[in-house]
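> generate a structure from the sequence data that follows.
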Amino acid sequence: MPLRHVFRSPPHLDRHPLTRQREHAVRAHLLQMTGDTARAAALYRQAADLTANRVEQRYLLGRAGDLD
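Alright, predicted model coming up:
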């Protein structure tokens, strides 16, 4: 089953500043688990760009860096 069918985010998550990065981070994790590390790293970076929390940015960029 394609991942797009496994995870569909509620439409309100991408509009709230505290949750808009979560969809990208979860998708990145799922892609990482399937071995698609290039796409996972890109999504971790997108998630980092969407959050204003510096600790969360550092974590997400670290996850992306681990996959490079």
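> identify each buried residue in stretch 44-59, please.
For stretch 44-59, the neighbour count (16 or more other CB atoms under 10 Å) marks 44-48, 50-51, 56-57, 59 as buried. (Glycine included, C-beta is placed from N, CA and C.)
> nearest to residue 24 among the residues you listed?
When the buried residues of stretch 44-59 are ranked by distance to residue 24 (CB to CB), residue 47 comes first, at 3.7 Å.
> surely that closest one and residue 60 touch.
Yes. Using CB atoms under 8 Å, residue 47 is in contact with residue 60, at 4.9 Å.
> need the overlap of contacts for the two.
Common contact partners of residue 47 and residue 60 (CB atoms under 8 Å, 6 or more residues apart in numbering): 21, 25.
> would you check how far apart the one residue sitting closest to the centre of the chain and residue 49 are?
With distances taken as CA atoms, centre = their mean, residue 25 lies nearest the centre of the chain, 1.9 Å away. As judged by CB to CB, to the nearest Å, residue 25 and residue 49 stand 11 Å apart.
> and the buried residues of stretch 44-59 as a markdown table, adding pLDDT, distance to residue 31 and secondary structure?
Below are these laid out as a markdown table (pLDDT from 0 to 100; distance: CB to CB, whole Å; DSSP: H, G, I helix; E, B strand; the rest coil):
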| residue | pLDDT | distance to residue 31 | secondary structure |
| --- | --- | --- | --- |
| 44 | 97 | 9 | helix |
| 45 | 97 | 13 | helix |
| 46 | 95 | 12 | helix |
| 47 | 95 | 12 | helix |
| 48 | 96 | 15 | helix |
| 50 | 92 | 17 | helix |
| 51 | 92 | 19 | coil |
| 56 | 95 | 19 | helix |
| 57 | 97 | 19 | helix |
| 59 | 97 | 17 | helix |
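> present those as a markdown table; the columns should include distance to residue 34.
What follows is the buried residues of stretch 44-59, written out as a markdown table (distance: CB to CB, whole Å):
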| residue | distance to residue 34 |
| --- | --- |
| 44 | 15 |
| 45 | 18 |
| 46 | 18 |
| 47 | 17 |
| 48 | 21 |
| 50 | 22 |
| 51 | 24 |
| 56 | 23 |
| 57 | 25 |
| 59 | 21 |
